[in-house]
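Novice: Have a look; sequence and predicted model below, questions after that.
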Amino acid sequence: MVGVTEFLSNTTTPKIAALLLGKQLRLATPTGILTAWITETEAYLGATDAGAHAFKNHQTARNQALWQPAGTIYIYQMRTQFLLNLVTQSAGVPECVLIRGIEPVEGVAQMQRNRPVPLANLTTGPGKLMQALGLDKTLNGTLLSSTTLDLRLTPARNPQQIATSPRIGIVNKGDWSTAPLRYYVAGNPFVSQVKKRDQDLAQHGWQATII
DNA sequence: ATGAGGATTTCCT
DNA sequence: GGAAATCCTCATA
């Protein structure tokens, strides 16, 4: 039985970003449990990564959580949106994975009350999924499992195929703008900017067996 | 389909 | 004052 902290810290951050696909986010709310499979992630590689908030180890009031241990939640606000990241290495190593897409499992009706749009547009982006979960930055700096938000390693799904691409929105950052640090479940409809013709409506890009 | 502009917090020049 | 790990609306085609 591998714990979440161990899972998040015993390999490189890009590998963790890929391994997170198919794992389950679980949020306990006063009116019910919300769960979803992770479908899309991005790796942010700390002090050396020109696209990361921790580039050159620059600490600010906003990004303190990145220097906390693996399993720490890093949430920050960009304009009107909140973005969810999970810290992936031991304390002092400011690397993280951004959660960019999730496939709702339990509590879909509650998610749609939080964010009243069609299911196809509910969680297909990092800001959208936070609206659907009803989260702001209250959980920033706390540990997974210590409050209401949890990462579950089982049950889980296996992607049939993992696709990669450059990270979204990282511009004018040289090689870091083109590095293939975005990972998503090929064919899954709950991925940002995915085209209709690329969607696998039957299996959503998952293998049939739930682990 | 694609693109411009605005909402609004945090950080940097 | 400007840009940013985003999303929505409105315009044009």
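Specialist: Perfect, I can see it now.
Novice: can you map out the helices along chain A?
Specialist: If you assign secondary structure with DSSP state H, the helices in chain A sit at A:4-9, A:13-19, A:108-114, A:126-133, A:175-178.
Novice: For my notes, please list the ones you listed in CSV and give mean pLDDT for each entry.
Specialist: Written out in CSV, the entries for the helices of chain A read as follows (pLDDT from 0 to 100):
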stretch, mean pLDDT
helix A:4-9, 85
helix A:13-19, 98
helix A:108-114, 97
helix A:126-133, 98
helix A:175-178, 94
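Novice: What is the distance between whichever strand in chain A runs longest and the centre of its chain?
Specialist: In chain A, assigned by DSSP state E, the strand with the most residues is strand A:32-44. Using CA atoms, centre = their mean, to the nearest Å, the mean C-alpha position of strand A:32-44 is found 5 Å from that of the whole chain.
Novice: one step back: figure out which of the helices of chain A is closest to DNA strand C.
Specialist: Distances from DNA strand C to each of the helices of chain A were compared by CB to the nearest atom of the strand, and the smallest falls on helix A:126-133, at 2.9 Å. Backbone N, C-alpha and C define where each C-beta goes, glycine included.
Novice: Residue of chain A nearest DNA strand B, please.
Specialist: Proximity to DNA strand B, evaluated over chain A using CB to the nearest atom of the strand, is greatest for A:R62 at 2.7 Å.
Novice: Tell me the residues of chain A that contact DNA strand C?
Specialist: A:42, A:44, A:51-54, A:74, A:78-81, A:83, A:85, A:96, A:98, A:115, A:117, A:121, A:125-129, A:167-172, A:192 (CB under 7 Å from any atom of the strand).
Novice: just to revisit the earlier point, buried ones in the longest strand of chain A?
Specialist: Residues of strand A:32-44 classed as buried by neighbour count (16 or more other CB atoms under 10 Å): A:L34, A:T35, A:A36, A:W37, A:I38, A:T39, A:E40, A:T41, A:E42, A:A43, A:Y44.
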